[in-house]
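S.K.: Here is the input, now give the coordinates:
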Amino acid sequence: MAELTEEQLLLLDNLMYYQGSADAEGKTVEDICENLLADAQDYNKDTDPQHLFSGGFEDHPEQVQEIARAILEDETLCNLRMEKSIEDTGLRASCFVDQDGDATVAIRGTGGSYEAWRDNVIGEYDHDTYISRNMLNYFNDLDYNNITVTGHSKGGNLAQYVTILSDNDKVDRCVSFDGQGFNRQFIDDHTDQVYAASPKIKSICGDKDYVNILLNTVAGETVYLGTTSGENWHSPYALWKENQGKTDGGIYTGTKDQNPFVKGLESGLDRLVNDGIPLLPDELEHALVNWLAGEVGTIFGKGTGQYTDANKAETQADLDKLLKELKDYLADGLAAAGRYLTELTAKRHKFEVSLTALKAKASELEDTAKQLKQLRNKLSSINLNGSQYGDILGAIRVVEQEIEKQQKLVSKMSEVLYRSHDLYQNAENKIKAS
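M.R.: Okay, the predicted model is just below:
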């Protein structure tokens, strides 16, 4: 059977935000969609303790119903059978197998859980997070090779992760929808694997999506699709719905350029994450990112593990501790900068004294050279025999050559001192400006 199209993969990625997509081993995708439609009929977000829908579908069950109906009209997708799944601490993934034994692994995005949102932020400095390691173990245990792996948002990031680090020949193709990239340390630690996997990875993103811009992309190909309202900028449903009929045989070729504002935001985030935060000491960087991860999980997370009112005092204590550490670090940094500035100024003053002395020496040498020239001119007017005249001129020439050597030496020393002086002056100015 031919491999699934990218449009079919996006439909599966939408389906993964339905809890029943992971609790259905041995069932067909058709069975899963029928169960979804039945669950959606009486769905009430406020009285749903099991969190049947996530990823935005909890507020729009009609959208996930539309996804299910679209899948039910696709015989290829309906016949896929779910063989093995994992649902654990923010991770949901399922392996779907067709009638020829070809496997496709779909991975849910963050899905609104506290753990998954926190894991997203922790990935800024720890590229092997609990969820990513868990996903890799699940993936390597599958009894299939040449797998197509796909996911939306966090799921897209995990799809890329297993493409890079899984056992040889495990992944044939990776399609990430709005998935973020990786920190520099991960890319440095796995350079050869990233290089080998990159041609297999395609990143398909909304033109205004704000998640795929996080960290550094490793995709060999990236295309952008149009989405409209802000609510839909990171919606897997909108990515599918608003780009129906805009594929080349089910393959997304790109209908938009990346939004200029989002492109600028990406550049700013890159400087902050790659060049700003890593300047902090490791312990402080980890403390900052861990606190931020908890807050992001609190704001966006739902379900098991989220913070409650009882945690507010603890959260405030963590923040107070972090702010104190930052304040102490900045105070130490300012003190060190002050000491360094004093040293720079003292050394620059020494250069200035040396330059003044060299200028005096250069002036002295120039005066001596002028006097020797005047002496040579006077000698030419005195009646001396050839031997005496030649001896005196020879002696003068030796002195002139020595003066020329000293002048060259003084010139070179002055050039070096001027450059050093300018370097120290620039360093002083930068410290004062900061």
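S.K.: so residue 169 makes contact with residue 146?
M.R.: Yes - assessed by Cβ atoms under 8 Å, residue 169 is found in contact with residue 146 at 6.5 Å. (Glycine included, C-beta is placed from N, CA and C.)
S.K.: which of those two has more neighbours?
M.R.: Set side by side, residue 169 and residue 146 show more neighbours around residue 146, with 12 against 9, by other Cβ atoms under 10 Å.
S.K.: Residue 105 versus the more buried one, what's the distance?
M.R.: Note on residue 146: its distance to residue 105, by Cβ to Cβ, to the nearest Å, is 12 Å.
S.K.: Residue 408 now?
M.R.: 73 Å.
S.K.: Which of those two has more residues huddled nearby?
M.R.: Using other Cβ under 10 Å as the criterion, residue 408 and residue 105 rank with residue 105 on top: 30 against 10.
S.K.: In space, what's closest to residue 16 - neighbours in sequence excluded?
M.R.: Excluding the flanking residues, the one nearest residue 16 by Cβ to Cβ, 6 or more residues apart in numbering is residue 108, at 4.0 Å.
S.K.: In contact with that neighbour, which residues?
M.R.: Taking Cβ atoms under 8 Å, 6 or more residues apart in numbering, we find residue 108 in contact with 13, 16-17, 21-22, 54-55, 91-93, 151-152, 154-155.
S.K.: Quick one: these as a markdown table, columns for neighbour count and pLDDT too.
M.R.: Output for the contacts of residue 108, formatted as a markdown table (neighbours: other Cβ atoms under 10 Å; pLDDT from 0 to 100):
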| residue | neighbour count | pLDDT |
| --- | --- | --- |
| 13 | 30 | 96 |
| 16 | 25 | 93 |
| 17 | 27 | 89 |
| 21 | 27 | 87 |
| 22 | 20 | 82 |
| 54 | 22 | 79 |
| 55 | 26 | 74 |
| 91 | 24 | 88 |
| 92 | 26 | 92 |
| 93 | 27 | 95 |
| 151 | 32 | 95 |
| 152 | 35 | 93 |
| 154 | 29 | 88 |
| 155 | 32 | 92 |
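S.K.: Output those residues in JSON lines; the columns should cover distance to residue 44 and secondary structure.
M.R.: Output for these, formatted as JSON lines (distance: Cβ to Cβ, whole Å; DSSP: H, G, I helix; E, B strand; the rest coil):
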{"residue": "13", "distance to residue 44": "25", "secondary structure": "helix"}
{"residue": "16", "distance to residue 44": "22", "secondary structure": "coil"}
{"residue": "17", "distance to residue 44": "17", "secondary structure": "coil"}
{"residue": "21", "distance to residue 44": "20", "secondary structure": "helix"}
{"residue": "22", "distance to residue 44": "22", "secondary structure": "coil"}
{"residue": "54", "distance to residue 44": "15", "secondary structure": "coil"}
{"residue": "55", "distance to residue 44": "18", "secondary structure": "coil"}
{"residue": "91", "distance to residue 44": "26", "secondary structure": "strand"}
{"residue": "92", "distance to residue 44": "22", "secondary structure": "strand"}
{"residue": "93", "distance to residue 44": "27", "secondary structure": "strand"}
{"residue": "151", "distance to residue 44": "28", "secondary structure": "strand"}
{"residue": "152", "distance to residue 44": "25", "secondary structure": "strand"}
{"residue": "154", "distance to residue 44": "26", "secondary structure": "helix"}
{"residue": "155", "distance to residue 44": "26", "secondary structure": "helix"}
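S.K.: any idea which of these is the one closest to residue 84?
M.R.: residue 93 (9.0 Å; Cβ to Cβ).
S.K.: where does residue 332 land on pLDDT?
M.R.: We have a pLDDT of 63 for residue 332.
S.K.: Thought residue 187 was touching residue 215, still the case?
M.R.: No - in this structure, residue 215 is not within contact of residue 187 by Cβ under 8 Å, at 9.3 Å.
S.K.: Give me the below-cutoff pLDDT ranges for the stretch 101-250 of the chain.
M.R.: Within the stretch 101-250 of the chain, the stretches with pLDDT under 70 are 111-127, 229-232.
S.K.: ok, residue 257 - contacts?
M.R.: Residue 257 neighbours (Cβ under 8 Å, 6+ apart): 207, 224.
S.K.: where's it relative to residue 207, distance?
M.R.: In terms of Cβ to Cβ, residue 257 sits 7 Å off from residue 207.
S.K.: Touching both of those two, which residues are there?
M.R.: With Cβ under 8 Å, 6+ apart, residue 257 and residue 207 have common neighbours residue 224.
S.K.: Break the chain down into its domains, please.
M.R.: 6-278, 338-433 (automatic domain parsing).
S.K.: Check these for me and report the most buried one.
M.R.: domain 6-278 (a mean of 19; mean count of other Cβ atoms under 10 Å).
S.K.: can you give me the offset of that one from its chain's centre?
M.R.: The chain centroid and the centroid of domain 6-278 are separated by 18 Å under Cα atoms, centre = their mean, to the nearest Å.
S.K.: what about the nearest residue to residue 222 once chain neighbours are set aside, is that helix, strand or coil?
M.R.: Nearest non-adjacent residue to residue 222, counting by Cβ to Cβ, 6+ apart: residue 203, 4.4 Å away. The three-state assignment at residue 203 reads strand, by DSSP: H, G, I helix; E, B strand; the rest coil.
S.K.: Name the nearest residue to the residue nearest the centre of the chain, ignoring sequence neighbours.
M.R.: Nearest to the mean C-alpha position of the chain, counting by Cα atoms, centre = their mean, stands residue 215 at 1.8 Å. Among residues not flanking residue 215 along the chain, residue 181 sits closest, at 4.1 Å (Cβ to Cβ, 6+ apart).
S.K.: residues in contact with that neighbour?
M.R.: Contacts for residue 181 were tallied using Cβ under 8 Å, 6+ apart; they are 157, 160, 212, 214-219.
S.K.: For the stretch 1-150 of the chain, which segments count as strands?
M.R.: 81-88, 91-97, 103-107, 147-152 (DSSP state E, counting those that start in this stretch).
S.K.: For those, could you give me a markdown table that also reports distance to residue 9?
M.R.: Putting the strands of the stretch 1-150 of the chain into a markdown table (distance: least, Cβ to Cβ, whole Å) gives the following:
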| stretch | distance to residue 9 |
| --- | --- |
| strand 81-88 | 15 |
| strand 91-97 | 10 |
| strand 103-107 | 7 |
| strand 147-152 | 4 |
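S.K.: Go through the ones you listed and name the closest to residue 425.
M.R.: strand 147-152 (53.4 Å).
S.K.: quick one, that closest one and strand 91-97 angle?
M.R.: Counting by axes from the mean of the first three to the mean of the last three Cα atoms, to 10 degrees, strand 147-152 points 140 degrees away from the direction of strand 91-97.
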